[in-house]
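[1] okay, sequence plus prediction incoming.
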4 protein chains.
Amino acid sequence: MPEYSTFESVVQVRPDDIDMNQHVHNSKYLDYVLTARYDQMARCYGMAMEEFLERGFSWVVKAAYIEHKRPLHIGDSAVIQTAVEEMKERQVKVGFQIRKQSDSKPVAKGWINYVMVNAANGRPQSIPDDIREKYSV
Amino acid sequence: MPEYSTFESVVQVRPDDIDMNQHVHNSKYLDYVLTARYDQMARCYGMAMEEFLERGFSWVVKAAYIEHKRPLHIGDSAVIQTAVEEMKERQVKVGFQIRKQSDSKPVAKGWINYVMVNAANGRPQSIPDDIREKYSV
Amino acid sequence: MPEYSTFESVVQVRPDDIDMNQHVHNSKYLDYVLTARYDQMARCYGMAMEEFLERGFSWVVKAAYIEHKRPLHIGDSAVIQTAVEEMKERQVKVGFQIRKQSDSKPVAKGWINYVMVNAANGRPQSIPDDIREKYSV
Amino acid sequence: MPEYSTFESVVQVRPDDIDMNQHVHNSKYLDYVLTARYDQMARCYGMAMEEFLERGFSWVVKAAYIEHKRPLHIGDSAVIQTAVEEMKERQVKVGFQIRKQSDSKPVAKGWINYVMVNAANGRPQSIPDDIREKYSV
């Protein structure tokens, strides 16, 4: 029974992330999670997105769910924890939790379902064994 | 048993929405839905976001779910259908469907749960009766 | 002495364009100009960006200047006028004016200098004669 | 004759900053400079943007000029140097240079002219003496 590691990245809130409600715009939290995953691909799974692209692969989002607890504001940083929750033939489901760095209070949580695609034509494809192995830490 | 209307808005894909996968960036679809809702607030529900803000109200996203079918590309326009699915004391759950304008093929679907807040302090508050009524079309 | 046409496009302000100052975020105006140019490439110059990309070309911004007069707000639409001001071996300088659709008041003006590049490697390249001709209307 | 300090901030490229040309989207560089200024307001000038907003002030961009040398890519970080170049009654002109962190090669340079405004109504106003002094380091 597989059990996968949880990794952590820090993302600084940028002024252009703030919307008319004076806090980070709702859809930006998904971009913070994406940023964390890219950081973790290189740093924690040993395969940077650049290498993916060089091999002709990319990841696209198939589905996403997010639940907001409290907003981030200008000057805050986000701590993003992610963990692979499930791996299928062509998909990886990644769970995430976002906290505010200064007080560790929960900001949002949810999951993103990524599909591996051929970068040239966007078609889904099987996750190669060596990549599957790297993601199984 | 309440049954609510479905409304439709068109949003043009902008070049800055396109990401490294040469299609509209995943989190932007939620922004398209938000754009459709703002348009429909004024045009279909008879209460523009400006009026909300003047009365000291705003809507923030409590939770969101999105499922992607096929991407939009540069030059495309999105047709976004939304409908209130459920209304609670402080929340409105809005279902959405995004289609590509040129061929009506499904692009994405899902729902967004909005909470009404006091615009000054961000605290959730009851949806006033007159607004509840306007949303009950 | 060459004299080039002025073309016009309309861009709707999206809620995700609004920043903490309750108006359209400053850098988004450059994205509106880009949107206008893409629209005009297909509609006015007879060569859509998709065709550019298929032929292996892309445009990148070499330099830009923008002067803000008054902001756009939620619910506004922008009318963007652009005109080629100068064409060189590899560059096109495009002047722009942004007005608010509802009252035609000036919002911003400036210019963007685009360089034609090879889409595969990003290297600048000479503008082919047939494209130069299409831009000379 | 006043001479102002140069300060430095680091901004990580996020995946959502990358556009169809596989590099950081042109208008995002202005957002990186804005991010650097916010960071430096708190860290270098001793007055965080939050304090500005609490006192009822905000900064808006009056004009901007940017010249691109080479793009940033996914995985890169930007080193942004800024310095006040000129201070007027209501405006501050800030020069900037963006370099790639890994090899210090120039990415872009330019300037941004900020106007101090009343955050409530957006009207320009004189820069208070104590703020002028803080910016005169």
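    Looks like it arrived, so ask away. Numbering: from 1, shown residues only, chains lettered A, B, ... in the order given.
[2] tell me which element A:Arg132 falls in.
    Using DSSP states H and E, A:Arg132 maps to helix A:129-134.
[3] buried sites along that helix?
    Neighbour-count burial for helix A:129-134, with 16 or more other CB atoms under 10 Å in any protein chain shown as criterion, is recorded at A:Ile131. To be clear about C-beta, it is placed using only N, CA and C from the backbone, and glycine gets the same treatment.
[4] chain center to it: distance?
    From the chain centre to the centre of helix A:129-134 is a distance of 18 Å (CA atoms, centre = their mean, to the nearest Å).
[5] one more: stretch A:58-68?
    8 Å.
[6] just the strands in chain A please.
    A:6-12, A:57-68, A:77-87, A:91-100, A:106-118 (DSSP state E).
[7] can you list those strands in TSV and add mean neighbour count, distance to chain B and mean pLDDT?
    As requested, these are arranged in TSV below (neighbours: other CB atoms under 10 Å in any protein chain shown; distance: least, CB to the nearest CB, whole Å; pLDDT from 0 to 100):
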stretch	mean neighbour count	distance to chain B	mean pLDDT
strand A:6-12	18	14	97
strand A:57-68	20	4	95
strand A:77-87	18	14	96
strand A:91-100	20	12	97
strand A:106-118	19	8	96
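[8] can you say which of the ones you listed is nearest to B:Asp130?
    When the strands of chain A are compared by CB to CB, strand A:57-68 sits nearest B:Asp130, at 26.7 Å.
[9] residues in contact with the helix holding A:Arg132?
    A:45-47, A:57, A:87, A:116 (CB atoms under 8 Å, 6 or more residues apart in numbering or on different chains).
[10] got it, and stretch A:42-49?
    With CB under 8 Å, 6+ apart, stretch A:42-49 has contacts from A:5, A:7, A:38, A:41, A:50, A:131, A:134-135, A:137, D:15, D:74-75.
[11] buried among those? Need that as a selection in PyMOL.
    Selection command for PyMOL covering only the buried members of the contacts of stretch A:42-49, criterion 16+ other CB under 10 Å:
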select buried, (chain A and resi 7+38+41+131+135) or (chain D and resi 15+74+75)
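[12] any idea which of the contacts of stretch A:42-49 is closest to chain C?
    When the contacts of stretch A:42-49 are compared for distance to chain C (CB to the nearest CB), D:Ile74 wins out at 13.9 Å.
[13] count the neighbours of A:Gln40 for me.
    The tally of other residues near A:Gln40 (other CB atoms under 10 Å in any protein chain shown) stands at 20.
[14] so it sits right up against A:Thr82, yeah?
    Yes. With contact defined as CB atoms under 8 Å, A:Gln40 counts as touching A:Thr82 (6.5 Å).
[15] residues shared between the contacts of these two?
    Shared contacts of A:Gln40 and A:Thr82, counting by CB under 8 Å, 6+ apart, come down to A:7, A:9.
[16] hmm, A:Gln97 is touching A:Gln81, no?
    Yes. Using CB under 8 Å, A:Gln97 is in contact with A:Gln81, at 4.7 Å.
[17] identify, from the contacts of helix A:129-134, the entry nearest to D:Asn26.
    For these, the nearest to D:Asn26 is A:Phe57 (26.8 Å; CB to CB).
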